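Novice: model the following, please.
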Amino acid sequence: MKCPVFAAAQARPDSPALLFGGRTWTWAEADRAVSSVTAQLTAQRGDRIAVRAWNCPELVWLFFASARRGAILVPLNARLTKAELVPLLEQLAPEFSYGDLEPGLPLPRGGEGRGEGQTPELFPEDSAAALFTSGTTGTAKLIQLTHANFAASAEASGKRLGIEPTQRWLGTLPLFHVGGLAMLYRCALYGASIVLEDHFDAARACAAMDEGVTHVSLVPTMLERVLEVRGGRAFTGVKAALIGGGPMTSATLQRARALGLPVLQTYGLTEACSQVTTELLEEADGQSAGPPIPGVEVRIVDADANGVGEIEVKGPTVAKGLGPWLKTKDLGVLDARGRLSVRSRRMDLILSGGENVYPAEVEAVLREHPAIRDVAVVGREDAEWGQVPVAVIVAEKFDQAEATTWARERLASFKVPRAWVQVKALPRNATGKLERAALALLARG
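Specialist: The predicted structure follows:
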């Protein structure tokens, strides 16, 4: 298979590929930059490349250049401390490193020279990148994703959302996350463009959506900040806003759609190269994460009386060695239309007096309370019940007794939080996912 950057440069040489910091690179310029970095990589020995950096053009060139070089790029979370990086680097044992690592080489800059003399070929089953899972509930695992995985993900996403080269994606997700890398590959395969941001900023995101961005991918907290900054002004050019990484409130969904933002809920994970399910634009109602994207299968195993069981995924996007059916350890249910609703991670399931309490279900109800701005529900050990639910909340003018009464009117007694912990902000990782280990400490009081 051809390198997608090279293919885009052949098909659309003068079309915009990357926009960053006020500068635009065409696909021809992007191909020359990747060729330049590929040449620089040939001077290095070894096949495992570690990099730690925030979003920048150099990281984009390095991703595709590593592929041409036949090396595996391992982007490391730029928010991790040195102490947190040590076990990851010991597990990885990279031959050389770039960016903010010790030792680490400066990120290679893409030159302005000529492109490669021959077509850069990639082998589908070679690993394009390896990513550590977030590790919020245990030891981080290194997941290797192949060129075939990324290509299959991009093609399936295109069948759901369109593959027009005129698409312009807003790249606020970090490139050390599968969602960010999948977006890069998607744009290259389509010959579309990406507006890359070094970090998320709600005001800049709003401005980008006014200046030609057609597709965005956000986590719920990002969406809420965008809506706060936006005020009452409508969005007119965005064709799809993918929301993943956690549930959003019905109020947020209604606000977004009232402003013309076509919100689509999604479910995905690193082991399946990002998207697994995504709502259909014509059927989106916010009641689920939608049906599987084309070519991907989802099933529920070991379901309880309510149909809730472990989510398993099958398809060409699943990482090597984890199939044919990937055990996600997430719990969910499929409705009669084949749409997936995620209840919780199995490790997050709360067992209280023999009853299953799904955090996502309780969180969805509590988010509707007018004083609660954000919430996470976790289990706390209890001598009588085994575990009880505790709500960690961000709230204004909060009355615990009133909230407990309010919750009892809407939830079974065993699902009502036994304690409320108020914080200024919920602990989240770089991709906006809740840090369950940190939440458990807060819940203990």
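
Novice: for this structure, which helix or strand comes out least confident on mean pLDDT?
Specialist: One helix or strand of the chain scores below all others by mean pLDDT, DSSP states H and E: strand 355-357, with a mean of 79.

Novice: which other residues reach that one?
Specialist: With C-beta atoms under 8 Å, 6 or more residues apart in numbering as the test, strand 355-357 has contacts from 304, 308, 349-351, 377, 379, 387, 389, 412, 414-415. C-beta coordinates here come from the backbone N, C-alpha and C atoms, glycine included.

Novice: figure out the helix or strand that the spatially most central residue of the chain lives in.
Specialist: With distances taken as C-alpha atoms, centre = their mean, Gly179 lies nearest the centre of the chain, 4.2 Å away. Under the criterion of DSSP states H and E, Gly179 resides in helix 178-190.

Novice: that helix: what's the following helix or strand?
Specialist: Sequence-wise, the next helix or strand beyond helix 178-190 is strand 193-196, with elements assigned using DSSP H and E.

Novice: which residues are contacting that next one?
Specialist: Residues outside strand 193-196 that contact it (C-beta under 8 Å, 6+ apart): 15-20, 55-57, 60, 167-171, 183-184, 187, 208, 213.

Novice: those residues in helices, which ones?
Specialist: 57, 60, 183-184, 187, 208 (DSSP state H).

Novice: which among those gets closest to Ala11?
Specialist: Nearest to Ala11 among the ones in helices among the contacts of strand 193-196: Cys187, at 13.0 Å, using C-beta to C-beta.

Novice: give me the mean pLDDT for stretch 147-163.
Specialist: On average, the pLDDT along stretch 147-163 is 97.

Novice: buried set for it?
Specialist: 147-158, 160-162 (16 or more other C-beta atoms under 10 Å).

Novice: stretch 309-327 too?
Specialist: Neighbour-count burial for stretch 309-327 [16+ other C-beta under 10 Å]: 309-319, 323, 326.

Novice: among the contacts of strand 355-357, which two are most distant?
Specialist: The widest separation within these, taken as C-beta to C-beta, falls between Asp304 and Val377 and amounts to 18.7 Å.

Novice: between those two, who's got more neighbours?
Specialist: Val377 (27 against 11; other C-beta atoms under 10 Å).

Novice: distance to Asn429, pLDDT and neighbour count added to the ones in helices among the contacts of strand 193-196, as JSON lines?
Specialist: Putting those into JSON lines (distance: C-beta to C-beta, whole Å; pLDDT from 0 to 100; neighbours: other C-beta atoms under 10 Å) gives the following:
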{"residue": "Pro57", "distance to Asn429": "24", "pLDDT": "97", "neighbour count": "19"}
{"residue": "Val60", "distance to Asn429": "22", "pLDDT": "97", "neighbour count": "29"}
{"residue": "Met183", "distance to Asn429": "18", "pLDDT": "97", "neighbour count": "27"}
{"residue": "Leu184", "distance to Asn429": "20", "pLDDT": "97", "neighbour count": "25"}
{"residue": "Cys187", "distance to Asn429": "24", "pLDDT": "98", "neighbour count": "27"}
{"residue": "Ala208", "distance to Asn429": "24", "pLDDT": "97", "neighbour count": "21"}
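
Novice: dump these to TSV, plus distance to Arg367.
Specialist: Below are the ones in helices among the contacts of strand 193-196 laid out as TSV (distance: C-beta to C-beta, whole Å):
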residue	distance to Arg367
Pro57	38
Val60	36
Met183	27
Leu184	32
Cys187	33
Ala208	27
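
Novice: quick revisit: and the buried residues of stretch 147-163, which is closest to Glu121?
Specialist: Ranked by distance to Glu121 (C-beta to C-beta), the buried residues of stretch 147-163 are led by His147 at 10.3 Å.

Novice: isn't that closest one up against Ala67?
Specialist: Yes. Counting by C-beta atoms under 8 Å, His147 does reach Ala67; the two are 6.7 Å apart.

Novice: shared neighbours of these two, anything?
Specialist: With C-beta under 8 Å, 6+ apart as the test, His147 and Ala67 both reach 122, 126, 128.

Novice: for the stretch 301-445 of the chain, what spans make up the helices?
Specialist: Here the stretch 301-445 of the chain has its helices, by DSSP state H, counting those that start in this stretch, at 359-366, 400-408, 436-444.
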